[in-house]
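*Asks:* turn this into a structure:
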Amino acid sequence: MKKKGFTLIELLIVMLILSILITIAVVGFGSAVERAKKTAAAQMIQSIKTALEEYEQYGGYPIADYPNDAGISLVTDLLCFGSKRFLEVKEKDFVVSKYIPGKKVIADPWRTPYRYRSAYDEKGNTRSGMRNPDKFDVWSCGPDMKDDYLNAGKTTDDIGNW
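*Replies:* Just a heads-up that it's a prediction; the model follows:
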(Lines give C-alpha, C1' and ligand atoms only; values in the text may rest on other atoms or scores of the structure.)
Protein backbone atom coordinates (compact mmCIF):
# COMPACT_ATOMS: atom_id res chain seq x y z
CA MET A 1 0.00 0.00 0.00
CA LYS A 2 1.39 3.33 -1.10
CA LYS A 3 1.07 6.45 1.08
CA LYS A 4 -0.06 9.76 -0.42
CA GLY A 5 2.02 12.93 0.06
CA PHE A 6 5.63 14.05 -0.14
CA THR A 7 8.58 12.70 1.75
CA LEU A 8 10.70 14.95 3.91
CA ILE A 9 13.55 14.79 1.37
CA GLU A 10 11.27 15.92 -1.46
CA LEU A 11 10.05 18.89 0.61
CA LEU A 12 13.60 19.88 1.51
CA ILE A 13 14.68 19.76 -2.13
CA VAL A 14 11.76 21.99 -3.16
CA MET A 15 12.58 24.45 -0.36
CA LEU A 16 16.24 24.51 -1.42
CA ILE A 17 15.34 25.23 -5.05
CA LEU A 18 12.93 28.00 -4.00
CA SER A 19 15.53 29.61 -1.72
CA ILE A 20 18.11 29.59 -4.52
CA LEU A 21 15.64 31.23 -6.93
CA ILE A 22 14.69 33.89 -4.36
CA THR A 23 18.37 34.65 -3.69
CA ILE A 24 19.06 35.11 -7.40
CA ALA A 25 16.04 37.43 -7.73
CA VAL A 26 17.03 39.57 -4.72
CA VAL A 27 20.64 39.94 -5.89
CA GLY A 28 19.48 40.86 -9.40
CA PHE A 29 17.04 43.43 -8.06
CA GLY A 30 19.68 44.98 -5.79
CA SER A 31 22.15 45.43 -8.64
CA ALA A 32 19.41 46.91 -10.85
CA VAL A 33 18.61 49.48 -8.14
CA GLU A 34 22.30 50.39 -7.84
CA ARG A 35 22.62 50.81 -11.62
CA ALA A 36 19.53 53.05 -11.60
CA LYS A 37 21.05 55.23 -8.86
CA LYS A 38 24.30 55.56 -10.81
CA THR A 39 22.36 56.55 -13.92
CA ALA A 40 20.32 59.11 -11.95
CA ALA A 41 23.53 60.61 -10.51
CA ALA A 42 25.11 60.85 -13.97
CA GLN A 43 21.98 62.53 -15.33
CA MET A 44 21.91 65.09 -12.50
CA ILE A 45 25.62 65.83 -13.03
CA GLN A 46 24.86 66.43 -16.72
CA SER A 47 21.98 68.76 -15.72
CA ILE A 48 24.26 70.68 -13.32
CA LYS A 49 26.93 70.90 -16.03
CA THR A 50 24.43 72.24 -18.57
CA ALA A 51 23.08 74.78 -16.06
CA LEU A 52 26.62 75.92 -15.19
CA GLU A 53 27.46 76.37 -18.86
CA GLU A 54 24.34 78.51 -19.27
CA TYR A 55 25.24 80.45 -16.10
CA GLU A 56 28.77 81.00 -17.45
CA GLN A 57 27.36 83.33 -20.10
CA TYR A 58 26.47 85.74 -17.27
CA GLY A 59 30.04 86.25 -16.09
CA GLY A 60 31.97 83.03 -15.67
CA TYR A 61 31.79 79.87 -13.62
CA PRO A 62 31.35 80.16 -9.85
CA ILE A 63 34.69 80.04 -8.01
CA ALA A 64 34.66 77.35 -5.35
CA ASP A 65 37.09 74.77 -4.08
CA TYR A 66 37.02 71.25 -2.76
CA PRO A 67 36.89 69.45 -0.19
CA ASN A 68 33.53 70.12 1.48
CA ASP A 69 30.05 70.85 0.21
CA ALA A 70 30.57 74.62 0.31
CA GLY A 71 31.23 74.52 -3.45
CA ILE A 72 27.94 72.82 -4.28
CA SER A 73 26.22 75.13 -1.77
CA LEU A 74 27.31 78.12 -3.86
CA VAL A 75 26.24 76.36 -7.06
CA THR A 76 22.87 75.39 -5.51
CA ASP A 77 22.22 79.03 -4.59
CA LEU A 78 23.19 80.33 -8.03
CA LEU A 79 21.40 77.71 -10.11
CA CYS A 80 18.29 76.89 -8.05
CA PHE A 81 17.43 79.91 -5.90
CA GLY A 82 18.64 82.96 -7.82
CA SER A 83 16.40 85.45 -9.60
CA LYS A 84 16.97 83.44 -12.80
CA ARG A 85 16.72 79.71 -12.21
CA PHE A 86 19.05 77.65 -14.33
CA LEU A 87 18.22 74.30 -12.74
CA GLU A 88 14.95 72.93 -11.41
CA VAL A 89 15.50 70.44 -8.60
CA LYS A 90 12.79 68.60 -6.68
CA GLU A 91 12.59 69.21 -2.93
CA LYS A 92 13.43 65.54 -2.27
CA ASP A 93 16.78 66.03 -4.03
CA PHE A 94 18.12 68.44 -1.40
CA VAL A 95 19.88 67.69 1.89
CA VAL A 96 21.06 70.05 4.61
CA SER A 97 24.75 70.89 4.38
CA LYS A 98 27.06 69.42 7.02
CA TYR A 99 29.37 72.43 6.76
CA ILE A 100 26.94 75.32 6.45
CA PRO A 101 24.15 74.94 9.05
CA GLY A 102 20.64 75.23 7.66
CA LYS A 103 21.84 75.48 4.03
CA LYS A 104 20.23 73.21 1.43
CA VAL A 105 22.46 71.57 -1.16
CA ILE A 106 21.75 69.27 -4.10
CA ALA A 107 22.13 65.61 -3.06
CA ASP A 108 22.90 62.49 -5.06
CA PRO A 109 20.76 59.30 -4.86
CA TRP A 110 22.76 58.17 -1.80
CA ARG A 111 21.80 61.42 0.01
CA THR A 112 25.36 62.79 -0.14
CA PRO A 113 25.89 66.33 -1.49
CA TYR A 114 27.28 66.61 -4.98
CA ARG A 115 30.73 68.22 -5.10
CA TYR A 116 31.91 71.16 -7.21
CA ARG A 117 35.36 72.56 -7.87
CA SER A 118 36.15 75.40 -10.27
CA ALA A 119 39.21 75.19 -12.53
CA TYR A 120 40.46 78.62 -11.46
CA ASP A 121 40.94 80.24 -8.06
CA GLU A 122 39.99 83.81 -7.10
CA LYS A 123 43.20 85.17 -8.71
CA GLY A 124 42.63 83.36 -12.01
CA ASN A 125 45.31 80.72 -11.37
CA THR A 126 44.65 77.20 -12.62
CA ARG A 127 44.06 74.70 -9.81
CA SER A 128 46.14 71.54 -9.78
CA GLY A 129 44.53 68.11 -9.88
CA MET A 130 41.56 69.14 -12.02
CA ARG A 131 39.97 66.50 -14.23
CA ASN A 132 38.52 69.26 -16.49
CA PRO A 133 41.27 71.90 -16.36
CA ASP A 134 39.38 74.44 -18.51
CA LYS A 135 36.06 74.59 -16.66
CA PHE A 136 34.96 72.78 -13.49
CA ASP A 137 34.51 69.37 -11.94
CA VAL A 138 31.15 68.20 -10.59
CA TRP A 139 30.88 64.78 -9.01
CA SER A 140 28.99 62.43 -6.73
CA CYS A 141 30.80 60.39 -4.09
CA GLY A 142 29.01 57.32 -5.46
CA PRO A 143 27.68 54.23 -3.69
CA ASP A 144 30.39 54.12 -1.01
CA MET A 145 29.61 57.78 -0.11
CA LYS A 146 33.34 58.46 0.23
CA ASP A 147 35.01 61.19 -1.76
CA ASP A 148 37.73 59.63 -3.94
CA TYR A 149 38.30 62.76 -6.04
CA LEU A 150 41.97 63.11 -5.13
CA ASN A 151 42.65 59.46 -6.03
CA ALA A 152 42.63 60.22 -9.76
CA GLY A 153 43.64 57.14 -11.73
CA LYS A 154 42.95 54.74 -8.88
CA THR A 155 39.88 52.55 -8.63
CA THR A 156 37.01 54.73 -7.53
CA ASP A 157 33.23 54.67 -7.58
CA ASP A 158 32.86 58.46 -7.83
CA ILE A 159 30.68 59.60 -10.72
CA GLY A 160 31.73 62.85 -12.37
CA ASN A 161 31.63 65.05 -15.43
CA TRP A 162 34.99 63.78 -16.56
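*Asks:* contacts, neighbours, all on C-alpha from now
*Replies:* Fine.
*Asks:* which SSE is residue 148 in?
*Replies:* Assigned by DSSP states H and E, residue 148 falls within no helix or strand.
*Asks:* from memory it sits against residue 142, does it?
*Replies:* No. Between residue 148 and residue 142 there is no contact under C-alpha atoms under 8 Å: 9.1 Å.
*Asks:* confirm for me that residue 143 is in contact with residue 156.
*Replies:* No. Residue 143 lies out of contact with residue 156 (C-alpha under 8 Å); the separation is 10.1 Å.
*Asks:* quick one on the thing from earlier: of residue 148 and residue 142, give the one with the bigger neighbour count.
*Replies:* Set residue 148 next to residue 142 and count neighbours by other C-alpha atoms under 10 Å: residue 142 wins out with 25 against 18.
*Asks:* any idea how far residue 41 is from that one?
*Replies:* Look at residue 142 and residue 41: by C-alpha to C-alpha, to the nearest Å, they are 8 Å apart.
*Asks:* can you check residue 77 too?
*Replies:* From residue 77 across to residue 41, the span is 19 Å (C-alpha to C-alpha).
*Asks:* more crowded one of those two?
*Replies:* Higher neighbour count among residue 77 and residue 41: residue 41, with 24 against 15, using other C-alpha under 10 Å.
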